[in-house]
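Student: Fold the following for me, if possible:
(chains A and B)
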Amino acid sequence: MAMSRTTTMNRAKRLLGRAGLYFSVLMLISPAILFFLWMLSLAFKNEADNTAFPPVFIPDPPTFDNFIDVFEKNDFLTYTINSVIVSFTATGLALLLGVPAGYGIAKAKATKAAVLILIARVTPGLSYLIPLFLLFQWLGLIGTLVPLVITHLVITVPIVVWIMIGFFEGLPSELEEAALVDGATIWQAFRYVAMPLARPGITVAMILAFIFSWNNFIFGVVLAGRSTRTLPVAVYNVLTFEQISWGPLAAAALVVTAPVLLLTLLMQKEIVAGLTAGGVKGG
Amino acid sequence: MSASISPANRATVGPSQPDRSKQDRSKQGRSERGRNYARRYWVFAVPAAIVVAAVIVFPWIFTLFMSVHDWKVSGATPFVGMANYAKMLVDDRFQSAIVRTLVFTAASVVAPVILGVWAAVCFASNFRLRGLARTIFVLPMMATPVAISLVWTMMFHPQLGVLNYLLSLVGLPPSAWVYDSATVIPTLVMVETWQWTPLVMLIVLGGIASLPQDPYEAAILDGANSWQMFRHITLPLAWPFIVVATVIRMIDALKAFDTIYVITLGGPGTSSETLNILLYQTAFAYYDLGYGSAMVVIFFVLILLISMLLLHVRQRQAWQ
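Tutor: Alright, predicted model coming up:
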């Protein structure tokens, strides 16, 4: 009798706990859900609905005019290509430089080098810009994509090195040592033993470096000329020149951030693992 | 990290059972080799070190150099000693920017840390669609800051913005959001909290996931409720991770730029002009590169003091 009463009470308690948990989760994720839904709504509504009060929530019928408008009035295709070139090059170079560096630092147990990376992580992006701006001006590189690729290395190299140090530290060293005993050089041990094992870590580093390079605004706003704007800078310019038309503005914002959001949804496991490990963030 | 994504294919590449004599020999050789190789592994870091020196260390040194000169974009750049630093002491705009930055940072640390710990506790328990919910929760910090800032700007519009409409639905008066100097900082803190609570959550969640299960099992047997378990088990054990998340959040809040620049550009007037925005204006709108460099140095010292705290914490508990 008493037994069954406690079990019913426990069950009720547990049910209440579950309800509380689901309610909490709903509270926590609803700001993100509502925000991105509103972004979609703005991008797919016509201008009349976007400036209506009270607001219209569901686009009826959804229109692609805003996207067409953005690509017609602005040279978004060029800016997209710029962004792709800058982010891919900066990420590729960072992997070429950063994966071996992460390996070397992990193997040599050089914590001092890791500290340098950490300091790069905490330095504001703006502080690199004044000297680099002068340097690029002096070299006559302003107005090309080269300064953008080089400054984006400030973001991507520390991310890759930081993640790879952690990853290589976690790998067992027996296999490489066996390879060394069998006469391999340290380069071969790295290239054919450690690197294949570290492929998941390289994936994480690549995704995060790419995303934070893609998202970067501050370097582009200072260093990009009219034809070398990256997407975030181009979108910001849509705001300054067409403040009134919300549809194209939201559509432009969606174009910039859609690749990143899709990548996050598809690779959520890797992204969460990488961010949890290093607390990395660019610029 | 290694626990979650370390490769499981070790066995397939692993060497077959070595015989005993070989194993002994390799063990002996290993310590010698280990010493010899430790230095040679530096080779791997050389290319990266060169690039880091060029794009990270060179700017630091050159900034120090410029900060003691009167450096405009064109014309002579005379040496002025500490004049740029002295100027900061009497520059009201700089001093209010410092105060504003500290207020903004304090608020942008407290709110995300509290919400982030709450979120981490929720996401540490099992429930249906947890993976999807966590991904959605992380989206704000991954989305392009300029893009989300534009959408927030539209939502803040006093007449046509959706936020004032939502306020009117629940019977609250409309707010001026970023269009009034009294509400602009709290509004920007709200955006910062929305954007960066996920990072706090992820770091703390990583910590909670690594905690031992025994204390919880014992507590359940003793009839503890979930608040007691949180207060007396989770909070003390996950504390180091909360501290790390707090320090990282503090550094990022001090550096906040994209959202403030896009949404207000420091306005209205200078009422949301933080140090980073003032720095940008000084260097790239007024082209006073010498004074801007001196500000960078002071800003850097401020951030360095805080990151020393991070390093201190990191060294005390193996933070991974």
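Student: Scan the helices and strands of chain A for the one with the lowest mean pLDDT.
Tutor: helix A:111-122 (a mean of 74; mean pLDDT, DSSP states H and E).
Student: Any regions of chain A where pLDDT drops low?
Tutor: A:1-5, A:240-244, A:277-283 (pLDDT under 70).
Student: switch to 80 and redo it
Tutor: A:1-7, A:9-10, A:13-14, A:47-48, A:50-54, A:60, A:73-74, A:109-122, A:238-244, A:273-283 (pLDDT under 80).
Student: could you say what helices and strands the least confident helix or strand of chain A packs with?
Tutor: Counting contacts by 3 or more C-beta pairs under 8 Å, 6 or more residues apart in numbering or on different chains; DSSP states H and E, helix A:111-122 packs against helix A:146-170, helix B:42-52, helix B:289-316. All C-beta spots, glycine's among them, are computed from the backbone N, C-alpha and C.
Student: wait, which of the ones you listed is closest to residue A:204?
Tutor: helix A:146-170 (5.8 Å; C-beta to C-beta).
Student: Toward the C-terminus, what is the element adjacent to that closest one?
Tutor: Next along the chain after helix A:146-170, taking DSSP states H and E as the criterion, comes helix A:174-181.
Student: Run the chain-centre distance for that following helix.
Tutor: Put simply, helix A:174-181 sits 36 Å off its chain's centre (C-alpha atoms, centre = their mean, to the nearest Å).
Student: can you tell me which residue is nearest the centre of chain A?
Tutor: residue A:211 (2.5 Å; C-alpha atoms, centre = their mean).
Student: so where do the helices sit in the stretch 151-283 of chain A?
Tutor: A:174-181, A:186-188, A:195-197, A:199-215, A:218-223, A:231-241, A:246-266, A:268-278 (DSSP state H, counting those that start in this stretch).
Student: I meant to write the stretch 1-150 of chain A there.
Tutor: Under DSSP H, counting those that start in this stretch, the stretch 1-150 of chain A gives helices at A:2-44, A:47-50, A:65-73, A:76-108, A:111-122, A:126-138, A:146-170.
Student: low pLDDT regions in the stretch 1-150 of chain B?
Tutor: Residue ranges of the stretch 1-150 of chain B with pLDDT under 80: B:1-40, B:42, B:73-77, B:81.
Student: Which single residue of the stretch 151-300 of chain B approaches chain A most closely?
Tutor: residue B:206 (3.7 Å; C-beta to the nearest C-beta).
Student: Check that residue and give its pLDDT.
Tutor: At residue B:206, the pLDDT value in this model is 86.
Student: Could you check how far it is from residue B:109?
Tutor: 19 Å (C-beta to C-beta, to the nearest Å).
Student: now swap in residue B:65 and tell me
Tutor: 33 Å.
Student: Show me which of those two is the more surrounded one.
Tutor: In this view residue B:65 and residue B:109 are compared by other C-beta atoms under 10 Å in any protein chain shown, and residue B:109 has more residues nearby, 25 against 15.
Student: Go ahead and confirm that one touches residue B:250.
Tutor: Yes. Counting by C-beta atoms under 8 Å, residue B:250 is a contact partner of residue B:109 at 5.1 Å.
Student: Residue A:14: neighbour count?
Tutor: 10.
Student: And it, how far from chain B?
Tutor: 10 Å (C-beta to the nearest C-beta, to the nearest Å).
Student: Could you list the low-confidence segments of the stretch 201-320 of chain B?
Tutor: Looking at the stretch 201-320 of chain B by pLDDT under 80, you get B:267, B:306-320.
Student: Spell out which residues of the stretch 151-300 of chain B are next to chain A.
Tutor: Neighbours of chain A within the stretch 151-300 of chain B, by C-beta under 8 Å from any C-beta of the partner chain: B:151, B:153-155, B:159-160, B:162, B:165, B:194, B:199, B:202-203, B:205-206, B:226, B:244-245, B:248, B:251-252, B:254-255, B:257-258, B:261-262, B:276, B:279-280, B:283-284, B:289, B:292-293, B:296, B:299-300.
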